[in-house]
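# Output the structure for:
(2 chains)
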Amino acid sequence: DIVMTQSPDSLAVSLGERATINCKSSQSAFYSSKNKNFLSWYQQKPGQPPKLLIYWASTRESGVPDRFSGSGSGTDFTLTISSLQAEDVAVYYCQQYYGTPPALTFGGGTRVEIK
Amino acid sequence: EDQLVQSGGGLVQPGGSLRLSCVASGFPLSDYSMNWVRQAPGKGLEWVSHIISSSRTIFYANSVKGRFTVSRDNAKNSLYLQMDSLRVEDTAVYYCARDGRRGYDFDHWGQGTQVTVSS
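Predicted coordinates:
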């Protein structure tokens, strides 16, 4: 089974400062036939369903503020919030698909709080 | 606005059954593959099932294979999850989620419905 490991489990960042979340997969998310990494990032606020932020590792979903950015390739990925806002307090998850039939796996989540 | 509205769920004893529903509005369900994702209390997200628009291809997580059945009725813009032989560990909030058509990402989510399996 594919394993996705996020780090840290939680972090506290001052308003306006940068937050960085890492996601490491046991299998590559890169598909050479598509020349894309099939790695997505989601934000989940308390009592709400998750919200898609980033797909293809670095493409922002429509309407997502540009302070959110994704990077990485293969098995190592990063979500960066360039200037943390109060409304960014949430749990963030990475997610990948791998194989046929596909295994759709989420990371364990990273909780972001205000310092 | 594209929306997914869920119903069903509740409290059931171990070994029992429940059926969840998810109705799409603002877009034709027939244009999209769909998924079910669950979240146990205080835990992370776990993908449960995927069904393509024609229902010809369906995938399940190993944890529910043989016990859960996903189906859809595109004419009713509806997605279903039949859950049989329920276990305590199936207790979770269940979400329906639309496939973003970019490689198994989930671009719209239902509000979630609570399923509690307990004696």
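# Test of understanding: give the bridge partners of the residue nearest the centre of chain A.
The residue lying closest to the centre of chain A (C-alpha atoms, centre = their mean) is A:Trp41, at 3.2 Å. With DSSP bridges as the criterion, A:Trp41 is bridged to A:Ile54, A:Cys94.
# Now do it, the pLDDT please.
With respect to pLDDT, A:Trp41 scores 98.
# can you check A:Tyr97 too?
A:Tyr97 is given a pLDDT of 89.
# and it, what helix or strand is that in?
Per DSSP states H and E, A:Tyr97 falls inside strand A:90-98.
# and that strand, what other elements does it pack with?
strand A:4-7, strand A:19-25, strand A:39-44, strand A:76-81, strand A:103-106, strand A:110-114, strand B:45-51 (3 or more C-beta pairs under 8 Å, 6 or more residues apart in numbering or on different chains; DSSP states H and E). Backbone N, C-alpha and C define where each C-beta goes, glycine included.
# what angle do the second one and strand A:76-81 make?
Strand A:19-25 runs at 160 degrees relative to strand A:76-81, counting by axes from the mean of the first three to the mean of the last three C-alpha atoms, to 10 degrees.
# and strand A:19-25 with chain B, contact?
No. Against chain B, strand A:19-25 shows no contacts by C-beta under 8 Å from any C-beta of the partner chain, the least distance being 12.4 Å.
# can you check the first one too?
No. Among the residues of strand A:4-7, none lie within reach of chain B under C-beta under 8 Å from any C-beta; the closest is 9.0 Å away.
# How far off centre is the strand holding A:Tyr97?
5 Å (C-alpha atoms, centre = their mean, to the nearest Å).
# which of the residues in it are buried?
Neighbour-count burial for strand A:90-98, counted by 16 or more other C-beta atoms under 10 Å in any protein chain shown, picks out A:90-98.
# of the residues you listed, closest to chain B?
Of all the buried residues of strand A:90-98, chain B sits closest to A:Tyr97, with 3.8 Å by C-beta to the nearest C-beta.
# which non-adjacent residue is nearest the closest one?
Among residues not flanking A:Tyr97 along the chain, B:Tyr104 sits closest, at 3.8 Å (C-beta to C-beta, 6 or more residues apart in numbering or on different chains).
# wait, that neighbour sits on B:Phe59?
No. Applying C-beta atoms under 8 Å as the test, B:Tyr104 and B:Phe59 come out as separate, 9.7 Å apart.
# who touches both of those two?
Contact criterion C-beta atoms under 8 Å, 6 or more residues apart in numbering or on different chains; residues shared by B:Tyr104 and B:Phe59: A:102, B:50.
# just to revisit the earlier point, in which helix or strand would I find the residue nearest to A:Tyr97?
With DSSP H and E as criterion, B:Tyr104 is part of no helix or strand.
# cool, and the one 3 residues further on?
Using DSSP H and E, the element containing B:Asp107 is strand B:106-109.
# next structured bit after that strand?
strand B:113-117.
# How about residues contacting that next one?
With C-beta under 8 Å, 6+ apart, strand B:113-117 has contacts from B:6-14, B:16, B:18, B:20, B:38, B:83, B:86-94.
# which ones among these are found in helices?
Of the positions in the contacts of strand B:113-117, not one sits in helices, assigned by DSSP state H.
# Need the buried ones from those residues selected in PyMOL.
The buried residues among those can be selected in PyMOL (16+ other C-beta under 10 Å) with this line:
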select buried, chain B and resi 6+8+9+12+18+20+38+83+86+90+91+92+93+94
